[in-house]
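1. With the input below, show me the fold.
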Amino acid sequence: MLVIVLENVPPRLRGRLAIWLLEIRAGVYVGNYSTKVREYIWSQVEAGIGEGNAVMAWRVSNEAGFDFVTLGQNRRIPVELDGAKLVSFLPVDDVDAL
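-> Numbers count the residues shown, from 1 in each chain. Okay, the predicted model is just below:
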């Protein structure tokens, strides 16, 4: 399972993702692809993100059952703590510094 959530991205990127994934809500895309295709789709997000932000989550064999990556400016940032990937929130003022 693959999930991508986009915020404030150009319409062209949203249309590009709609080629491979089903948009179940505005900016929320789901699908089920191999690692190679997932990496290709993410490269398309990286190339077209503009001033927006994105997160991609997918199923893996770990304790959490998933992994994720983020891109762009957002208050939520991934952090690793004792081998577990968690999400930390930046103070509102620190977001502008990113």
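2. So which elements touch the helix of greatest length in the chain?
-> Selection of the longest helix in the chain by residue count, based on DSSP state H, yields helix 35-48. Judged by 3 or more CB pairs under 8 Å, 6 or more residues apart in numbering; DSSP states H and E, the packing partners of helix 35-48 are strand 2-7, helix 11-17, strand 53-59, strand 66-71. Where C-beta positions appear, they are placed from N, C-alpha and C, glycine not excepted.
3. from the chain's centre, how far out does the second one sit?
-> This points to helix 11-17. 14 Å (CA atoms, centre = their mean, to the nearest Å).
4. Pull out the buried residues from that helix.
-> For helix 11-17, the buried set under the neighbour-count rule, 16 or more other CB atoms under 10 Å, comprises L13, R14, R16, L17.
5. and the gap between the one residue sitting closest to the centre of the chain and V3?
-> Ranked by distance to the mean C-alpha position of the chain (CA atoms, centre = their mean), the top residue is V55 at 1.6 Å. Here the distance between V55 and V3 works out to 8 Å (CB to CB, to the nearest Å).
6. ditto for N74
-> Counting by CB to CB - N74 and V3 are separated by 16 Å.
7. what do you get for V30?
-> Distance of V30 to V3, given as CB to CB: 5 Å.
8. Show me which of the two is the more surrounded one.
-> Neighbours were tallied for V30 and for V3 using other CB atoms under 10 Å; the higher tally belongs to V3 (17 against 14).
9. I'd assumed Y29 was in contact with the more buried one.
-> Yes: using CB atoms under 8 Å, V3 and Y29 qualify as a contacting pair, with a distance of 7.1 Å.
10. one step back: isn't the residue nearest to the centre of the chain up against T70?
-> Yes: applying CB under 8 Å as the test, V55 and T70 come out as touching, 4.8 Å apart.
11. Spit out the residues that contact the two alike.
-> Residues touching both V55 and T70 (CB atoms under 8 Å, 6 or more residues apart in numbering) are R76.
12. Tell me how many other residues surround the spatially closest residue to V69 that is not a sequence neighbour.
-> Distance criterion CB to CB, 6 or more residues apart in numbering; nearest residue to V69, sequence neighbours excluded, is M56 at 5.4 Å. Residues within reach of M56, counting by other CB under 10 Å, total 20.
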